[in-house]
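Peer 1: Fold the following for me, if possible:
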Amino acid sequence: MLVCLPDDVPQQALTSGQLATHLGVSGTLTAHFWAVPGLRPWQRHLMIGLRKGQPAACAGGPVRLLDLAGMRYAAAVGAGIRHQIWHHAVHGTRPATAWPALQARHLANPDRYPLRSAIADFHAQPRVQAMRLHAAAHPGSGQPDIGELEMYQAGPVAYQHYRAAIAVVGDAMLTADGRKIAPASDALADRTTYIEQARRYLDTLAPHQRLIAVAL
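Peer 2: The predicted model follows:
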């Protein structure tokens, strides 16, 4: 979750882990952001959970000191490579029904369509099987995830846009006035709506506004 900090939350409250007390969020700070290149020594105390490295990762800080553009670009490049891998792995298979659609069918009528049937139907699809077999044959990070099947099927450019946006806005957002913005479901349409709402809100933030990333 991306959290936009109210101005009255002190910096020391974040480093001491008092998120629940000050923000009503139960979680831990996570190094989600990149600091801008060439961060000056006097600016380092403004960052939250800053780590050494190139780029330097951090849990948050003022918007003007976060390299959001760099994060989007890197995520888009990585997504383009993963989509090429995915396209090769599923070549010759038909488009598959994404898990959120089968899950919604189960939730609408759990007695007639139990969860085990939804899971079995999802994994029985040749395209899903191809993705799982590819992951089994090439273990490690960076492999296409069956949880993003719907995003991959939207096409390479759409997938790059999706990953570039998610790299910044995460899975949910808590605004400075306490409003929560989140997808209504895991379906791509709902995730896209969340991305639109989150990006619009980020565009309204002043350069001094502090953002933090929290793993719930």
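Peer 1: Per-residue pLDDT of residue 15, please?
Peer 2: Looking at residue 15, its pLDDT stands at 64.
Peer 1: One more: residue 6?
Peer 2: Reported pLDDT for residue 6: 86.
Peer 1: Which residue is the nearest non-sequential neighbour of it?
Peer 2: Taking CB to CB, 6 or more residues apart in numbering, and ignoring the residues beside it in sequence, residue 6 has residue 176 as its nearest neighbour in space, at 5.2 Å. From N, CA and C alone the C-beta is placed, and that goes for glycine too.
Peer 1: Would you check how far apart the most centrally placed residue in the chain and residue 117 are?
Peer 2: Geometric centre of the chain, nearest residue: residue 170, 3.5 Å, by CA atoms, centre = their mean. Remark: distance between residue 170 and residue 117 (CB to CB, to the nearest Å) = 32 Å.
Peer 1: next one: residue 212
Peer 2: On the measure of CB to CB, residue 212 and residue 117 end up 41 Å apart.
Peer 1: out of the two, which sits in the more crowded spot?
Peer 2: residue 212 (25 against 14; other CB atoms under 10 Å).
Peer 1: Where does the more buried one sit, in terms of helix or strand?
Peer 2: strand 210-215 (DSSP states H and E).
Peer 1: packing partners for that strand?
Peer 2: Secondary-structure packing of strand 210-215 (3 or more CB pairs under 8 Å, 6 or more residues apart in numbering; DSSP states H and E): strand 2-4, strand 28-29, strand 60-62.
Peer 1: how about those strands, which one is nearest residue 80?
Peer 2: Set against residue 80 and scored by CB to CB, the helices and strands packed on strand 210-215 come closest in strand 2-4, at 24.0 Å.
Peer 1: ok, that closest one: who's next to it in the sheet?
Peer 2: strand 173-174 (parallel), strand 210-215 (antiparallel) (DSSP bridges).
Peer 1: So the residue of the chain positioned farthest from its centre versus residue 139, what's the distance?
Peer 2: In the chain, the residue that sits farthest from the middle, by CA atoms, centre = their mean, is residue 112; the gap is 33.3 Å. Separation of residue 112 from residue 139 (CB to CB): 38 Å.
Peer 1: Walking through this protein, point out its helices one by one.
Peer 2: Under the criterion DSSP state H, the chain carries helices at the ranges 11-15, 19-23, 68-89, 99-108, 115-123, 126-137, 149-153, 156-169, 188-203.
Peer 1: wait, which of those helices is closest to residue 44?
Peer 2: Of the helices of the chain, nearest to residue 44 by CB to CB is helix 11-15, at 12.3 Å.
Peer 1: For that closest one, what is the distance to the chain centroid?
Peer 2: Centroid displacement of helix 11-15 relative to its chain, using CA atoms, centre = their mean, to the nearest Å, is 24 Å.
Peer 1: again with stretch 73-92
Peer 2: With CA atoms, centre = their mean, you get 17 Å for stretch 73-92.
Peer 1: so where is this protein shaky, pLDDT-wise?
Peer 2: Across the chain, the ranges flagged by pLDDT under 70 are 15-18.
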